[in-house]
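>>> return atomic coordinates for the entry below.
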Amino acid sequence: MEQHLFPAFGNIPISTLRAPTILPALREIEAKGNHETAKRQRQYCEAVFTFAISTGIAERNVGADLRGALAPEALAPCRATNRPAIIDPKGVAQLLRAIDGYQVASKPQDIPSRVPIPPDKSERKLRTP
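Now for the predicted structure:
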């Protein structure tokens, strides 16, 4: 909100804010192609106005009035991206054989630890002052 909305109307008292004041700032965000950001900024406005109503500062939720004002692209869900998959049974068998035959370069116990392990309590020497 500080980056996008406060420069546009951050110095105006919340009780005097109306939808026509907020909408140009949201449209400016949309014009940059940041539809999800515009949608979230509208949601933040709605939450702020909800708080203002509950505390007696504002009388109506202007953020809720802007629900249908954003472009449909801003409300569209994210598109799924297809990923490659092995759908051929022979390809699956080949993958399983490759996994089974994979040779690990070193065993986990051969890899030096970056964090030293303290000795057991029985191995510690008692310090005497």
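
>>> where does pLDDT dip in the chain?
Residues of the chain meeting the criterion pLDDT under 70: 1, 73-78, 104-129.

>>> mind checking the longest helix of this protein?
Looking across the chain with DSSP state H, the single longest helix is helix 35-54.

>>> output the contacting helices and strands for that one.
Packing partners of helix 35-54 (3 or more CB pairs under 8 Å, 6 or more residues apart in numbering; DSSP states H and E): helix 19-31, helix 62-65, helix 72-75. Every residue, glycine included, has its C-beta placed from N, CA and C.

>>> buried deepest among these, which one?
helix 62-65 (a mean of 18; mean count of other CB atoms under 10 Å).

>>> who does that helix touch, helix- and strand-wise?
In terms of contacts (3+ CB pairs under 8 Å, 6+ apart), helix 62-65 is packed against helix 19-31, helix 35-54.

>>> for the helices and strands packed on helix 35-54, which one sits closest to Ala52?
Of all these, helix 62-65 sits nearest to Ala52, with 9.4 Å by CB to CB.

>>> OK, contacts around Leu5?
Ile22, Ala25, Gln41, Tyr44, Cys45 (CB atoms under 8 Å, 6 or more residues apart in numbering).

>>> over to Ser15?
Ala52, Ile57, Ala58, Glu59.

>>> circling back to that earlier point, could the helices and strands packed on helix 62-65 go into JSON lines alongside distance to Ile99?
Converted to JSON lines, the helices and strands packed on helix 62-65 look like this (distance: least, CB to CB, whole Å):
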{"stretch": "helix 19-31", "distance to Ile99": "47"}
{"stretch": "helix 35-54", "distance to Ile99": "38"}
